[in-house]
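Asks: fold the following and give me the result.
(chains A and B)
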Amino acid sequence: MGKDEVSVKKRRKLNTAATSDTTKQPPVDVYKRVVDFEEAEALSRPADKDANLFKKICQDIRQHFADISELKDKNSDEAKEKINSKRVEASLMLVALKKLNRLEKVRTRAGRDALHKEKQRVDSTHLQLQNLLYEADHLNKEVTKCLQFKSKDEEIELVPIDDFYKDAPADVSRPEITKKDEHQLQLARLEWELRQRRDLAGACSELVSSKERVGAAIAAARSRLDALGPHLNDVLKATKPLQECLALRLDEKRDESRAASLLPPPLFLLYANASAYSDALGVKTVTVGISGDEDEARRLEQVNNVDNGLVLSNDSDSDHDNNDDDQQKKKRHHRTAKVSKEEKTAAKKKEVLRKHPLNVQVSVKAQDGTALNLVFSYLLHLKVVVVKFTVSLPKPVTGVSAADVLNGHCILNELYPGDAGNDSPHPATSYLLQAAGISDDFPHFIPEVGKPYIWAQRMCGLDFMALVVDEKKTNKVIQPCPSLSVSTVEHFILTLKNRLKSRVALMKELQELESGKIVPVKGSPVRLSGSLTQWQSVGWPEYSQAPSTTFLISEGLVNSNDMLYRAIITRQSAKLVALVVLKSDYPKSAPIFSLTLFWNGTHHAGIDDDIRDIERVINTDWSLEDKQPSLTTQMTKLLTCLDILLETTGTSEFPPDKVMFQPVRGRNRVKPYKFIKQGNGIFVQY
Amino acid sequence: MLDKILYNTILCQTFSPCGKYLVAGNIYGQLAVFDLDRILNPVIELLTSDYNKPKQIHKIESGKQICSLITTDSFLIIGTINEITGWDWKAVTSGKWSKPAWTITIPVKSSMEQSDVNSLWLSEDEIKLFAGCGDNNIYAFNLEDGRLVTTYEGHSDYIHSIHGKSQQLISAGEDGLVLLWDERTGKSHSRLEPHANSKVSRPDIGKWVGAATLGDDWIVCGGGPRLSLWHLRSLDPVTAFDIADHGVHVAFFHDDCIVAGGASKHLYQLSYSGEVRVELPVSATTVYSAAMKTNPKVLAIAGSSSEIDLCTTFNYRDQVLHFR
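Replies: Next up, the predicted model:
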C-alpha cells in the first residue's frame, strides 16, 4: 500500500491541484464532478503531449516487466521485495494509462461534437443559399413579366408620328418634352387620338341623322309616286281608244316586257337578246314572244322573294318540302297505301320536272314562209332549259319522206356537232333526280318535257362546261352569262336559218325524187336511160341488215340517227337498189350511197368491183366538181354510172349510147365513169 | 363525202430485195411501205396499235394510179400511166422520197392516148425489163440505159399480164388472147384462145384473160374464161379448174401448185389435176395481187380493199395489214 501512496503522491505531483479539490468536495454526485473535471482536464491538456506520455508510460511498464522477470530469475528475497515494489509501480503506471485513455475518449467525443456542430452550421447556410437563389429567380421572372406587359394602348391604331406632329396642336404634342421622352410622346399621341375619335364619332352621328332625314324625304316622295300610279292608269285607259284608232302596239309591248320581268334569269336573257335581234333584223326573220301563266309566275316570284328574305340557303326549300309532305300525308290518311305511294312518286316527279310557268317562244322563218317555232322552258329544279318545237309550212308537203325531213325531231338534230339533245348537259341532273328519289334517267322524260340541247343552254347564257371546270374550286350556283347568250343567239339564229333553208331545199328535192323525177343538172347533156321508180324512207333495221351497208356500218360512218332512204332505179331488166344516208348536217356532208344491182345475179360492193367503183365515184369523187354535192347531182351521177356499167357489158339489151374511149381499162377493168366536156362529152376512166 | 381511202384498191405489190419490206401501190398513186420485220416478229413491249399500218406512205407526183411494181437488186420499178420509173430502194424505205432515179417514157402515138403499164416482168439476168402496156404492145427496155430494145405487137386490146421463162414470153390480153413470144425476135409464134374453148369459156364474164404464167411444161391462164392448165408444147387444155370466181386476175405456179385468185372470196392453191389444196379467205372483193416470197415464207394478198392479208405458212391468214 505504501507503494501505492508513493505513486499517488507522484500523481499528485503530476496532476494539478484540482484533483485534490474534487476529492475534498462533499460527495454530492461525485461521479458527475469527476466527469466534469476530467472533461475540463482533457480539453486543457494538449493531446500530443498525452500521447507521448502514454508512450513513455508504456515503455516504463515494459521496463518494469523486464526488471521483474530479471529479478525473478535471481529468486532472492531482495529480489522479491524489489519485485513487489516494481509491481506496485507498474500497477500505478497502468492506472496512469487508464487515465490517459479516459482523457483520450473524452477528447474524441468533444471533437466529434464539434464536427457535428460544424456540419449543422454548414447545412443551414446551404439552405439559406437555396432560399436566396429561389427568391432571385422568382424576382427575375417577375421582372421579365413586367417587361413583357402589354399595355392596352398598344392595340390602338395611332396616327403616325409625322402626321401627329404635323396635325396636333402644340399644347397636345408638346414637342420639347415628347421628343425626348418617349413615354410622354405616347401619352400625347393617345390624347390626340382620343380627341380626334371623339370628333369623328360626333360627325358620324350627325351624318346618320341626316341620312335618316333624307330617307324620310324619299319615303314621302315614294308615297306620292304611288299615289300617282292610279292616276296614270286612268290616263292610260283614256288613251286606249286613241291607240286602237292609230293601230299602235304600245300596250302589247308593255305587257310583254312586264311578263319578261317575271321570267327566270336564263329565259330573260334569251328573251332580251332574241328580241333585240328580232328588232334589228325585222319581224320577218325572227319573232319572239312570251306565253304562260303570268299570275302563277308572279306568285312563284313572291314565294322566292320570301324564301330569300328568310334564309339564304337550301334549308328553307327542304323545310318547305317537308311541310308539304306532312300535309299530303294527312290528306292521304283515308286512302290505301298503294295508291298513295304511286301518287307520291308521281308528285315527286312532277315537282322535280316542274317548269317555270312562263316560256319564251322564238320563231325563225325561212324566205318561203316555212317557220320553226321553238318553245324554250326552264326547269326550275333541274336548272336546265328545254326546247319543244313545231314547224309551220306555207303549203302542205306531198310525200312521206319529204315531210319527215322537216319535222322537228330531225331538223334540230345535231345542229351543232354532237348535240343531239338526248341527255341533260347539266352534270348535276342525275344527282338531283336521285336525290328526289326518281330512278329513271333524264332521257326518260325528254319526250315529256322537251329536249335539253346544249345550244339552248348557251342561248340562255348557261355554260355547264365552265361549271365543270370550276367545280373543284367552288360549288357555286350557275349564273347566266350575258355575253355568252348574246354571241350564241346570233350564231344560233343564223345556223338555224341555214339549216331551215337547206332543209326546205332538201324537202323540195325529196318531193321531186318521191314523185320519180330527177331534175337534170344544168350543163349535163348526157341522156339518162334509167328511171327512178321508188323513193321512200326506210328504218334502221332494214338498212343495217342489207349486205351492201355492212362496210359503212362497220366503219362507223352511219348510225341510226341519220335519215335513211331507199331508191330503186330500173332500166329494162336491171334493177339498182340504192340505200341513201342523209346526215343531219346535209348538205355540209354529202349523202352516202350503198348500192345493190339485181341483174344477172345480185351484185354489191362486197362482191363486185364494178359496184364498188360506182360507190367510190358517187361517195368520194367530188374533188373535180366545183359545186357542193347534192342529192340530185349524186342521183344524176348514179344514173349515169349505171348506164355506163350496163352499156359496157356489151349485151344487146343495153346498146352503147355514150361516147367513151375505152369501155374497160387496166387490170381492174374500170369502166369510164368520169365525164369530160370535150365535143359532145366523153367518158373516160381517169 | 367519204374519204376515198375507204375505197382503196391495191393493184400491185412487191418485196424489197432484202425481204424486210413489203411495198404496195394503189389506184390513187400512193405507195405503202410495210415493215415486215416489225409486223411478223413484233417486240411486245414496242407494239403499238398502228403496227399493222404502213411505215410510210409515199405519193407519186402525178397522182396517177400505180399499175405495176417490180424489184431489182437496187431499184424499185413502178409502172404507172405512160411511164416507168425506177426508185432507189434506200429512198423508198428511209422516207427520203423525192425524185425517181430514172424514168422511161412509153412511146405513145398521140398525146390523148394513155398507156397503162399493166404488167412488168424482168428477164432472169435482170438486163431487160418487159412492160405489158395499155396500148396493146409489150415493150422490152434495156435496164442499163433505158433504151427501147424490142416492141412486141400482136394483141388487139390492152395487155393484162406478162410473164416469161427461158427466152419465151407469154402475155394475156383483154382481147382474150394468150400469146407466146420469142423474146429475141419479137414475134409471136403461138397463141391460145381460151374463150374459144368450150371447156373453159364463160361468156357472161367475158373473154378477157387476166393472168397467164409459163411453167416448165405448162401454161396456166384465166380471166373471163375459167382458170385452166395448158400443155406448153401441144397447147391443149389439160385441166379446167372448177373454182367459185367471177374472173381470174392472179395465177402462177408455186411448188407443184397453182396459186390463183380474182373476183372471189378465196385465194386458191390447186394441184395440176384440179384438186383444191388450200382455200385462203381474203379481205378484198377482187384480188389483184398475190406477192409470194420464200425464206421466210410470206404471202401477201391485196386487191380492192384497203386491207392486205398476210400469210406466213401459205395455209391460213395470219395478219391483216391496213393500207390507209
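
Asks: number of residues surrounding the closest residue to B:Phe15 other than its chain neighbours?
Replies: Spatial nearest neighbour of B:Phe15, chain neighbours left out: B:Lys293 (4.9 Å); criterion: CB to CB, 6 or more residues apart in numbering or on different chains. The C-beta positions use only the backbone N, C-alpha and C, and glycine is treated the same way. Around B:Lys293 there are 15 other residues, counting by other CB atoms under 10 Å in any protein chain shown.

Asks: try the one 4 residues further on
Replies: The local packing of B:Lys297 (other CB under 10 Å) involves 12 other residues.

Asks: and the gap between it and B:Thr313?
Replies: According to CB to CB, to the nearest Å, B:Lys297 and B:Thr313 sit 6 Å apart.

Asks: same question, B:Asp204
Replies: 35 Å.

Asks: swap in A:Ser515?
Replies: Counting by CB to CB - A:Ser515 and B:Thr313 are separated by 59 Å.

Asks: point out the residues in chain B that sit beside chain A.
Replies: Within chain B, the positions lying close to chain A (CB under 8 Å from any CB of the partner chain) are B:1-4, B:6-7, B:9, B:11, B:27, B:64-65, B:67, B:81, B:114, B:116, B:118-119, B:134, B:158, B:160-161, B:174, B:204, B:208, B:210, B:246-247, B:249, B:263, B:265, B:285-286, B:288, B:304.

Asks: show me which of the residues you listed are buried.
Replies: B:1-2, B:4, B:6-7, B:9, B:11, B:27, B:64-65, B:67, B:81, B:114, B:116, B:118-119, B:134, B:158, B:160-161, B:174, B:208, B:210, B:246-247, B:249, B:263, B:265, B:285-286, B:288, B:304 (16 or more other CB atoms under 10 Å in any protein chain shown).

Asks: can you give me the helices for the stretch 51-200 of chain A?
Replies: For the stretch 51-200 of chain A, the helices defined by DSSP state H, counting those that start in this stretch cover A:77-148, A:161-167, A:170-173, A:175-178, A:182-246.

Asks: pLDDT weak spots in chain A?
Replies: For chain A, the stretches with pLDDT under 70 are A:1-28, A:247-252, A:282-284, A:305-341, A:395-410, A:418, A:420, A:464-480, A:519-525, A:621-629.

Asks: what do you get for the stretch 1-150 of chain B?
Replies: Applying pLDDT under 70 to the stretch 1-150 of chain B picks out residues B:1.

Asks: can you give me the helices for it?
Replies: B:36-40, B:89-94.

Asks: list the buried ones in the longest one?
Replies: Put plainly, it is helix B:89-94. Buried residues in helix B:89-94 (16+ other CB under 10 Å): B:Trp89, B:Ala91, B:Val92, B:Thr93.

Asks: show me the contacts for the second one.
Replies: Taking CB atoms under 8 Å, 6 or more residues apart in numbering or on different chains as the definition of contact, the neighbours of B:Ala91 are B:Trp97, B:Ser98, B:Ala101.

Asks: list the contacts for the last one?
Replies: What that stands for is B:Ala101. With contact taken as CB under 8 Å, 6+ apart, B:Ala101 is in contact with B:Phe75, B:Gly86, B:Trp87, B:Asp88, B:Ala91.

Asks: tell me which of these fall in strands.
Replies: B:Phe75, B:Gly86, B:Trp87, B:Asp88 (DSSP state E).

Asks: which pair in those residues spans the largest distance?
Replies: B:Gly86 and B:Asp88 (7.9 Å; CB to CB).

Asks: quickly list what's touching both of those two.
Replies: What both B:Gly86 and B:Asp88 touch, as defined by CB under 8 Å, 6+ apart, is the set B:Phe75, B:Leu76, B:Ala101.

Asks: A:Glu191 and A:Val172 touch, don't they?
Replies: Yes: judged on CB atoms under 8 Å, A:Glu191 makes contact with A:Val172 at a distance of 5.7 Å.

Asks: ok, residue 136 - how many residues close by?
Replies: Using chain A. 10.

Asks: meant chain B, my bad for not saying
Replies: When neighbours are defined as other CB under 10 Å, B:Asn136 has 19 of them.

Asks: again with B:Thr105
Replies: Neighbours of B:Thr105 using other CB under 10 Å come to 12.

Asks: gap between the residue nearest to it when sequence neighbours are not counted and chain A?
Replies: Nearest residue to B:Thr105, sequence neighbours excluded (CB to CB, 6+ apart): B:Glu83, at 5.7 Å. As judged by CB to the nearest CB, to the nearest Å, B:Glu83 and chain A stand 14 Å apart.

Asks: if we can go back for a sec, now do the shared contacts for A:Glu191 and A:Val172.
Replies: Contacts common to A:Glu191 and A:Val172, judged by CB under 8 Å, 6+ apart, are absent.

Asks: list the contacts for A:Ile614?
Replies: A:Leu595, A:Leu638, A:Cys641, A:Leu642, A:Leu645, A:Tyr673 are the contacts of A:Ile614 under CB under 8 Å, 6+ apart.

Asks: pretty sure the last one is in contact with A:Leu639, am I right?
Replies: No: judged on CB under 8 Å, A:Tyr673 makes no contact with A:Leu639 at a distance of 11.8 Å.

Asks: just to revisit the earlier point, okay, the helices of the stretch 1-150 of chain B in CSV with distance to A:Glu155 next?
Replies: What follows is the helices of the stretch 1-150 of chain B, written out as CSV (distance: least, CB to CB, whole Å):
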stretch, distance to A:Glu155
helix B:36-40, 78
helix B:89-94, 81
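
Asks: so which of those helices comes closest to A:Glu81?
Replies: Closest among those, using CB to CB: helix B:36-40, at 146.2 Å.

Asks: just the strands in chain A please.
Replies: Listed in chain order, the strands found in chain A under DSSP E are A:286-292, A:358-365, A:371-379, A:384-392, A:531-537, A:563-571, A:574-582, A:592-598, A:602-604, A:674-676, A:682-684.

Asks: quick one on the thing from earlier: among the ones in strands among the contacts of B:Ala101, find me the one that's closest to A:Lys72.
Replies: Closest to A:Lys72, out of all of the ones in strands among the contacts of B:Ala101 and judged by CB to CB, is B:Asp88, at 150.9 Å.
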